[in-house]
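Enquirer: output the structure for:
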Amino acid sequence: MKTSTLQTKIPTRYWHQLEEGRIQCDLCPRACQIKEGQQGLCFVRANQNQKIVLTTYGRSSGFCVDPIEKKPLNHFLPGTPILSFGTAGCNLACQFCQNWDISKSREMDTLADQAAPDTLARAAQKLGCRSVAYTYNDPIIFHEYAIDVAKECRKLGIKSVAVTAGYVNDEPRREFFSYMDAANVDLKAFTERFYHKLAGGHLQPVLETLRYLKHETQVWFELTTLLIPGENDSEKELEEMTQWVVENLGHEVPMHFTAFHPTWKMLDKPPTPPHTLSMARHIALKNGVRYAYTGNVHDQVGESTYCHHCNHKLIERDWYILSDWHLTPDGKCNQCGTTCAGLFDAEAGTWGAKRLPVKLQNFVA
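Expert: Modelled structure (predicted):
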């Protein structure tokens, strides 16, 4: 299929009819009730001819090859390149969104690039990418497009990675993650107040997604929490969050604590101090999280991976560049033989910190 003939509006499954010509979208917990011609809060799902359609199928805000650590994923094919793309819109309303120009865009001009699913998978293969990331905005809202891309990627042995807030209902959750190999889930905070006040959502559906991923799938996943001064960075909240993670998800789910920078509608908060990130990492380790990281700051100790048994440094990271690699070919500590959780190649990847914008038109068959 050539991009020039790509159908960008396709029917969807997760909705039901209401009275007076309205339709309720059942993809996520927002349950938008949409009149004919209107869009849901996400911007990309609309009521057209009394059906919910995805209006941005095959359209993207851009394609780029990134280091996989940027997602961030530290335990899934470290050092390898990943073809990344997103669309427009989002089903949350985070006042602190770091990608607000994409996720909050309601302009179709944002979606300047197009690619059919098979074109995207073929491009990943030719670019030497082991995986494709559905990112920049939440792939939950372009559910059908992400799944079709993932299907094409599987045919070529390419992994699929979802970077998501996990804000999705049960049935679409099961379908979506059945096509994903890995995920980074944004656990924004551990209070309902934060989710309701600052993200326009609720905490419980995210926790349900995390439990589902751990107990009902083989998806490798890691967690990220952006720590915002005075909002979700208290010792009490971090204690409760990390204890919940260990009790409900186990010891081996990596946690990333990343630094906030003033942006979008939250310009009155200062950047996160490095010592807050270090505190969060130490609390997580104390409570039994085996792999805890700091992010968005330069911190080689907090970025590197250590053996949870003997504390031997397994992978040294300097931003997105890997140096020391002390894993055996089967993913074990070369000092004590303890397995490091995740998916690892026999050797470290060498992609480094490069960022390569890509025009998918060059890969059309």
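Enquirer: and Ala115, what pLDDT?
Expert: The model reports Ala115 with a pLDDT of 89.
Enquirer: ah, wrong one, I meant Ala112
Expert: Looking at Ala112, its pLDDT stands at 59.
Enquirer: stretch 321-336: end-to-end distance?
Expert: End-to-end span of stretch 321-336 (Cα to Cα, to the nearest Å): 25 Å.
Enquirer: now do the buried residues in it.
Expert: For stretch 321-336, burial by neighbour count (16 or more other Cβ atoms under 10 Å) applies to 321-322, 325-327, 331-333. Bear in mind the C-beta positions are built from the backbone N, C-alpha and C, glycine included.
Enquirer: now pLDDT and secondary structure too, for those, in TSV please.
Expert: Below are the buried residues of stretch 321-336 laid out as TSV (pLDDT from 0 to 100; DSSP: H, G, I helix; E, B strand; the rest coil):
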residue	pLDDT	secondary structure
Ile321	94	strand
Leu322	96	strand
Trp325	97	strand
His326	97	coil
Leu327	98	strand
Gly331	96	coil
Lys332	98	strand
Cys333	98	strand
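Enquirer: greatest separation within those residues: which pair is it?
Expert: The most widely separated members of the buried residues of stretch 321-336 are Ile321 and Lys332, with 23.2 Å between them, by Cβ to Cβ.
Enquirer: residues contacting Thr225?
Expert: Shown in contact with Thr225 (Cβ atoms under 8 Å, 6 or more residues apart in numbering): 186-189, 232, 241, 255-258, 280.
Enquirer: so in terms of bridging, what pairs with it?
Expert: Phe257 (DSSP bridges).
Enquirer: helices of the chain, residue ranges please.
Expert: Under the criterion DSSP state H, the chain contains helices at 100-103, 117-126, 143-155, 170-177, 192-194, 204-216, 235-249, 274-286, 300-303.
Enquirer: circling back to that earlier point, return the member of the contacts of Thr225 nearest to Arg211.
Expert: For the contacts of Thr225, the residue nearest Arg211 by Cβ to Cβ is Leu187; the value is 12.2 Å.
Enquirer: so for that closest one, what's the pLDDT?
Expert: 98.
Enquirer: from Leu210, how far out is it?
Expert: According to Cβ to Cβ, to the nearest Å, Leu187 stands 7 Å off from Leu210.
Enquirer: which residues do these two both contact?
Expert: Counting by Cβ under 8 Å, 6+ apart, the shared contacts of Leu187 and Leu210 are 166, 223.
Enquirer: so where's the stretch 1-150 of the chain shaky on pLDDT?
Expert: Low-confidence segments of the stretch 1-150 of the chain, defined by pLDDT under 70, are located at 1-6, 100-112.
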